[in-house]
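In: quick one: sequence and predicted model below, then my questions.
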There are 2 protein chains.
Amino acid sequence: MHRTRVRVVEDALDANNTIARANRDDFDRAGVRVVNLMSAPGAGKTALLESVFRAGLNGVRPGVLEGDVQGSLDADRLAHFHVPVTQINTDGGFGGECHLDANMVRSALAEVPLDEIDLLIVENVGNLVCPAEFGVGEDAKAMVCSVTEGEDKPLKYPLMFRTCGLVIVNKIDLLPHLDYDMDKLRHNIRSVNPDAEIMEVSARTGEGVEGLRNWLVQAADRAAAPA
Amino acid sequence: MHRTRVRVVEDALDANNTIARANRDDFDRAGVRVVNLMSAPGAGKTALLESVFRAGLNGVRPGVLEGDVQGSLDADRLAHFHVPVTQINTDGGFGGECHLDANMVRSALAEVPLDEIDLLIVENVGNLVCPAEFGVGEDAKAMVCSVTEGEDKPLKYPLMFRTCGLVIVNKIDLLPHLDYDMDKLRHNIRSVNPDAEIMEVSARTGEGVEGLRNWLVQAADRAAAPA
């Protein structure tokens, strides 16, 4: 909006990209592939990961980097599955950061057992804006969007939908109780990201979760090739 | 986290507070009371306002300042009710701002017919983090939290719940189809904000919306007293 402000933001994003590349180099050296998983608050990222870990990932060894403003509720839920989980809290004296950035991830890397995992899932802070702007060194970005949020979100938060290769539409078990038009959602996603893969799932009933497990296994398999 | 960073943020919040006070002076002079309405994406702020405007506000003349990263979908919905709606888009060349700040509101004030309204509702960008940090000159902060988001949100986004005098729990029509514990939510809200007023509503069925209408009428009535 204001020219100075835009420059400050551009500088911040440049600095972030530099650190993200350093993260990426470390991930590549360790042969670990990284998925940045994003969504609005309460869309079901953690519930989906619970469902995925319960069924397993076909030999792929996952780890989670858990981003929250405060607390470790999600990390505690995922630790039950004997998956290495590292918590990052973004609160620092004031209200807290609304996203993970490359530097926060870098600061936590010493705690992540990269040699014991094949796939690192970064569960970002629940937010549809800033997480899409700050890469952390990931190989792929994926997002969860709940049917309870309405069909208009791709049009209101276009960058998030544009940057994600995979859009996981969650809570489809609630469709009979909502006035929801799945075709309209798909149309809206396509209008900002024609190439996005779209997956309909329910973390609660397990419907469609196998597709997500396969996607994650394939994301990790790309680690087999040397960087 | 880093000392320089914390200082930068503190300076930004100080500058924001100065502009927020100027906004507040303008609102007071015009005898307009202002409610900053916040929530996660898709919690139902616009649907609730539709429900409120449909039934009316007992003679109180509302206006809306509509904050979105991009587009005017919500403003278009609310314009049907012949309520003056002013759109603020926060995208500015990059991904967009995740919140309204006092300066954005100030820039839009010339478009808001303050002499024709009693109550200005600022519908903030859908986000549970930064909107709580940036006051815009409001008299009251209120938030919508949907039962589909789970009961844990007050613990994960404590500042938002702490700064809001009113927490509107929306989509209670879906409760029969969810594993949701309303007592747990109330307990979690109380743990971060013992004084918050909690209201259970459904924008879809209209249940409980009368309470919200009364609350808004009372918020506007406080404008009768000279500043």
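Out: On my side now, so go ahead. Quantities reported herein were computed from a predicted structural model and do not represent experimental measurements. Numbers count the residues shown, from 1 in each chain, chains lettered A, B, ... in the order given.
In: which elements pack onto the helix or strand residue A:217 falls within?
Out: Counting by DSSP states H and E, the element that carries residue A:217 is helix A:209-221. Helix A:209-221 sits against strand A:33-39, helix A:45-55, strand A:119-123, strand A:197-200, with contacts defined as 3 or more C-beta pairs under 8 Å, 6 or more residues apart in numbering or on different chains; DSSP states H and E. No exception for glycine: its C-beta is placed from N, CA and C like everyone else's.
In: the shortest one: partners in the sheet, and parallel or antiparallel?
Out: Strands that pair with strand A:197-200, judged by DSSP bridges, come out as strand A:166-170 (parallel).
In: still on that earlier bit, quick one, which of the helices and strands packed on helix A:209-221 gets closest to residue B:58.
Out: Smallest distance to residue B:58 across the helices and strands packed on helix A:209-221 (C-beta to C-beta): 38.5 Å, for strand A:33-39.
In: dump the helices and strands packed on helix A:209-221 into TSV; add mean neighbour count as well.
Out: Output for these, formatted as TSV (neighbours: other C-beta atoms under 10 Å in any protein chain shown):
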stretch	mean neighbour count
strand A:33-39	26
helix A:45-55	20
strand A:119-123	26
strand A:197-200	16
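In: same list, these, but as CSV with mean pLDDT please.
Out: Listed next are these as CSV, based on pLDDT from 0 to 100:
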stretch, mean pLDDT
strand A:33-39, 98
helix A:45-55, 97
strand A:119-123, 98
strand A:197-200, 98
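In: residue B:36: which of the ones you listed is closest?
Out: Here strand A:33-39 is closest among the helices and strands packed on helix A:209-221 (C-beta to C-beta), at 24.0 Å.
In: what about residue A:195, neighbour count?
Out: Using other C-beta atoms under 10 Å in any protein chain shown, residue A:195 is surrounded by 7 other residues.
In: please, which helix or strand holds it?
Out: For residue A:195, there is no host helix or strand (DSSP H and E).
In: show me what contacts the residue most central in space within chain A?
Out: Nearest to the mean C-alpha position of chain A, by C-alpha atoms, centre = their mean, lies residue A:37 at 0.6 Å. With contacts defined as C-beta atoms under 8 Å, 6 or more residues apart in numbering or on different chains, residue A:37 is in contact with A:45, A:49, A:121-124, A:142-144.
In: can you rerun that using 6 Å?
Out: A:45, A:121, A:123, A:142 (C-beta atoms under 6 Å, 6 or more residues apart in numbering or on different chains).
In: give the closest residue to the last one in space, chain neighbours not counted.
Out: Right, residue A:142. Using C-beta to C-beta, 6 or more residues apart in numbering or on different chains and skipping the chain neighbours, the partner closest in space to residue A:142 is residue A:166 (4.1 Å).
In: can you pull the residues of chain A lying near chain B?
Out: By the rule C-beta under 6 Å from any C-beta of the partner chain, the part of chain A lying against chain B is A:1, A:6, A:9, A:40-42, A:68-71, A:73, A:92-95, A:98, A:127-130, A:132-133, A:148-150, A:152-153, A:155-159, A:174, A:177.
In: are any of these buried, and which?
Out: Buried by 16 or more other C-beta atoms under 10 Å in any protein chain shown: A:9, A:40-42, A:68-71, A:73, A:92, A:95, A:98, A:127-130, A:132-133, A:148-150, A:152-153, A:155-159, A:174, A:177, out of the residues of chain A next to chain B.
In: coming back round to it: mind checking pLDDT for the residue nearest to residue A:142?
Out: In this model, residue A:166 is scored at 98, pLDDT.
In: pLDDT below threshold where in chain A?
Out: For chain A, applying pLDDT under 70 flags the ranges A:1-6, A:92-95, A:223-227.
In: rerun that using 50 as the cut-off
Out: The model of chain A has pLDDT under 50 over residues A:1-2, A:224-227.
In: quick one on the thing from earlier: so the residue nearest to residue A:142 makes contact with residue A:140?
Out: No - the criterion here is C-beta atoms under 6 Å, and residue A:166 misses it with residue A:140 at 7.3 Å.
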